[in-house]
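# sharing a model that was predicted from the sequence below.
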Amino acid sequence: SDGSSTPKAAGTVTVTVTGTGNYTGTATTTYEIVKRYTITYHLDEGVTLDETAASLQSQRIDDGSTVAEITAEHISRVYEDHSYSFHGWYTDEGLTDPYDFTSEVTGEFTLYAKWVKQYTLTFVTGEGGPVVDPITVDEGTDVDAPSPAPEWEGYTFGGWYTSAACAEGEACEFPYTMSRDYTVYAKWTVNQYTVTFDIGDCPGERPDDQTVDYGSLANEPYITGYHVFGWTTDDGAQFVFATPITGDITLHADWGFILAFDSQGGSAVDEMYVRPTEAVTQPDAPEWEGEGTYEFAGWYTTPACADTDLFELWGTTISNNYTLYAKWVEVPDEGGEP
């Protein structure tokens with residue numbers, strides 16, 4: 001067969017084929033010839049493309065068509081330990097002429113990505129402190145302090161500083177223009193709380209209030225001259241002084257009068273502690289431990305144990321401290337000399 005065609009330029013081409021010998025007749029076919037151009041994306045060092053972007057890196061584009069754009073979500077760059085943000089494609093290496101992806105392709109060209117180095121502002125709040133997310137922005141960006149300010153139970157935030165010492169004169173001024181990676185440190189002042197001691201109707205001297213740092217312990221006080229069974233909170237619960245202080249608190253004395261016993265030659269009798277609302281219980285009688293034979297004859301309010309000084313408040317409440325003295329009566333020896 002033989003054939004003929006119009007020159008192979010852009011446009012429509014008609015091809016006619018005429019048969020010879022055993023093949024007779026003609027066949028005519030029309031083709032559309034379209035110019036295609038290679039469009040190349042230039043990649044800088046450290047650039048990573050995902051699968052989608054990799055398929056678009058070098059494109060053959062029909063004349064008059066548009067280029068498929070590699071967008072920011074499909075491309076990234078980390079170079080010399082710094083990340084970069086993507087800011088579009090340009091037609092020149094100097095990055096002065098941004099490319100319009102709606103324009104029709106009429107020739108081959110290369111596209112260049114614009115990258116801007118990024119820096120990170122890191123916030124250190126201390127061990128156990130709240131987490132403040134770092135801020136990564138383009139070089140030259142002004143960064144404001146995080147808002148709202150961080151909160152940490154038991155502490156008051158005092159600003160951001162350029163060193164962990166948070167010394168005077170080291171406060172970080174915001175907005176801060178990012179020109180490098182930077183770390184700032186939170187200044188915290190521990191809150192202080194007042195522990196107040198209420199002794200109610202106790203005749204003794206009230207203990208001084210205590211100022212205690214958050215999370216620290218209060219010291220258990222005493223009331224001179226009176227017995228303290230313990231201290232209770234406003235709801236009547238027993239307060240344990242191993243409990244860290246986390247706020248202002250008033251503690252109420254659970255107190256009592258002291259009954260001391262002087263056996264005056266007899267066996268020792270332990271002190272008794274009696275709340276103002278409780279009746280006094282008489283202790284077991286002491287036993288004589290000296291020479292001779294003596295019989296216990298009661299408790300008295302003076303060492304002389306005069307009849308008028310007999311203590312007679314057993315089974316009732318008392319309103320004072322007492323020291324009670326044992327009275328002993330000699331028991332005659334009934335044996336005698338023969």
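Received, thanks. Residues are numbered from 1 along each chain as shown.
# for the stretch 151-300 of the chain, which spans come out with low pLDDT?
Across the stretch 151-300 of the chain, nothing is flagged by pLDDT under 70.
# could you pull out the strands for it?
In the stretch 151-300 of the chain, the strands defined using DSSP state E, counting those that start in this stretch lie at 155-161, 176-177, 182-190, 192-198, 210-213, 227-232, 249-262, 272-274, 294-300.
# name the nearest residue to residue 205, ignoring sequence neighbours.
residue 224 (6.1 Å; Cβ to Cβ, 6 or more residues apart in numbering). In short, each C-beta sits where N, CA and C put it, glycine included.
# thought residue 166 was touching residue 189?
No: taking Cβ atoms under 8 Å as the definition, residue 166 is not a contact partner of residue 189, at 9.8 Å.
# shared neighbours, these two?
Shared contacts of residue 166 and residue 189 (Cβ atoms under 8 Å, 6 or more residues apart in numbering): residue 158.
# more neighbours: those two, which one.
Between residue 166 and residue 189, residue 166 has the larger neighbour count (other Cβ atoms under 10 Å), namely 19 against 10.
# spit out the contact partners of the more buried one.
Residues near residue 166 by Cβ under 8 Å, 6+ apart: 158, 185, 186, 187.
# make a PyMOL selection of whichever of these turn out to be buried.
Under the burial definition 16 or more other Cβ atoms under 10 Å, those of the contacts of residue 166 that qualify are selected in PyMOL by:
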select buried, resi 185+186+187
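# what's the closest of the contacts of residue 166 to residue 91?
Nearest to residue 91 among the contacts of residue 166 is residue 185, at 45.9 Å by Cβ to Cβ.
# that closest one touches residue 158, doesn't it?
No: assessed by Cβ under 8 Å, residue 185 is found out of contact with residue 158, at 10.7 Å.
# how far away is the nearest residue to residue 49 once chain neighbours are set aside from residue 84?
Closest residue to residue 49 apart from its sequence neighbours, by Cβ to Cβ, 6+ apart: residue 75 at 5.7 Å. Going from residue 75 to residue 84 by Cβ to Cβ, to the nearest Å gives 10 Å.
# quick one on the thing from earlier: tell me which of the strands of the stretch 151-300 of the chain sits nearest to residue 130.
The minimum distance between residue 130 and these falls on strand 182-190, with 8.5 Å, by Cβ to Cβ.
# ok and that closest one relative to strand 155-161, angle-wise?
150 degrees (axes from the mean of the first three to the mean of the last three Cα atoms, to 10 degrees).
# strand 182-190 - contacts with which helices or strands?
Counting contacts by 3 or more Cβ pairs under 8 Å, 6 or more residues apart in numbering; DSSP states H and E, strand 182-190 packs against strand 109-124, strand 155-161.
# need those in TSV (columns: distance to residue 174).
Formatted as TSV, these follow (distance: least, Cβ to Cβ, whole Å):
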stretch	distance to residue 174
strand 109-124	10
strand 155-161	8
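# to residue 304, which of those lies closest?
Of all those, strand 155-161 sits nearest to residue 304, with 63.8 Å by Cβ to Cβ.
# so which of the strands of the stretch 151-300 of the chain gets nearest residue 121?
strand 182-190 (5.2 Å).
# so how far is residue 191 from the residue positioned nearest the centre of the chain?
Central residue of the chain (Cα atoms, centre = their mean): residue 130, 3.1 Å from the mean position. As judged by Cβ to Cβ, residue 130 and residue 191 stand 15 Å apart.
# mind checking the backbone torsions on residue 289?
Dihedral pair for residue 289: phi -120, psi 0, per degrees, to the nearest 10.
# compute the number of surrounding residues for it.
Neighbours around residue 289, by other Cβ under 10 Å: 11.
# how about residue 39?
21.
# residue 307 now?
Look at residue 307: counted by other Cβ under 10 Å, it has 7 neighbours.
# for residue 286, same thing?
Using other Cβ under 10 Å, residue 286 is surrounded by 19 other residues.
# with the one 4 residues further on instead?
Neighbourhood size, residue 290 [other Cβ under 10 Å]: 10.
# would you list the strands of the stretch 151-300 of the chain in CSV and tack on distance to residue 27?
Output for these, formatted as CSV (distance: least, Cβ to Cβ, whole Å):
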stretch, distance to residue 27
strand 155-161, 83
strand 176-177, 74
strand 182-190, 76
strand 192-198, 101
strand 210-213, 100
strand 227-232, 111
strand 249-262, 104
strand 272-274, 125
strand 294-300, 141
